[in-house]
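Trainee: 3D, please:
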Amino acid sequence: MMNMKILHLPLKAQWYEMIESLIKGDEYRGITSYWIQRLCVFSDGNRINKSEAKFLENNKTFLYSGIYEGNIEFIKFTHVKFSYGYTKRTMTFEVENVAIGDGKPEWGAPTEDVFIIKLGKRV
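Mentor: A predicted model of the protein is given here:
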């Protein structure tokens, strides 16, 4: 498992158990400055700083156009490691991709656009 880039995410019991039982195949995060910084970079590889992320959160059309035009990219995570809250109970999945779109409300997605982390197979 060389060159793994792992995203670590704690989950509430309900969502952890749904993913563990393979019912839920996506994980969602709001389009906030925090998640923009954690999930995106500029195409030249530079990180998005706090003020830039806050601007993108408040002006999402710039975020969307930046992604569409290739100026902003999603960080290429290979895996996501979920923990059951902040306990030692964990599970790891491959990441198929990260995108922005509508999630499934029954899987905890809000009604507005979210970051969607599409899960692959469990490892």
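Trainee: Which parts of the chain are strands?
Mentor: Secondary structure of the chain by DSSP state E: the strands cover 6-11, 26-30, 40-42, 72-74, 79-84, 90-101, 114-122.
Trainee: what about this protein, any weak spots by pLDDT?
Mentor: Scanning the chain for pLDDT under 70 picks out 1-2.
Trainee: which ones are touching the residue nearest to the spatial centre of it?
Mentor: In the chain, the residue lying closest to the centroid (Cα atoms, centre = their mean) is residue 117, at 4.5 Å. Residue 117 sits next to 7, 26, 27, 28, 29, 77, 80, 95, 98 when contact means Cβ atoms under 8 Å, 6 or more residues apart in numbering. Just so you know, the C-beta spots here come from the backbone N, C-alpha and C atoms, and that holds for glycine as well.
Trainee: what about the first one, how many residues close to it?
Mentor: Residue neighbour count, defined by other Cβ atoms under 10 Å, stands at 18 for residue 7.
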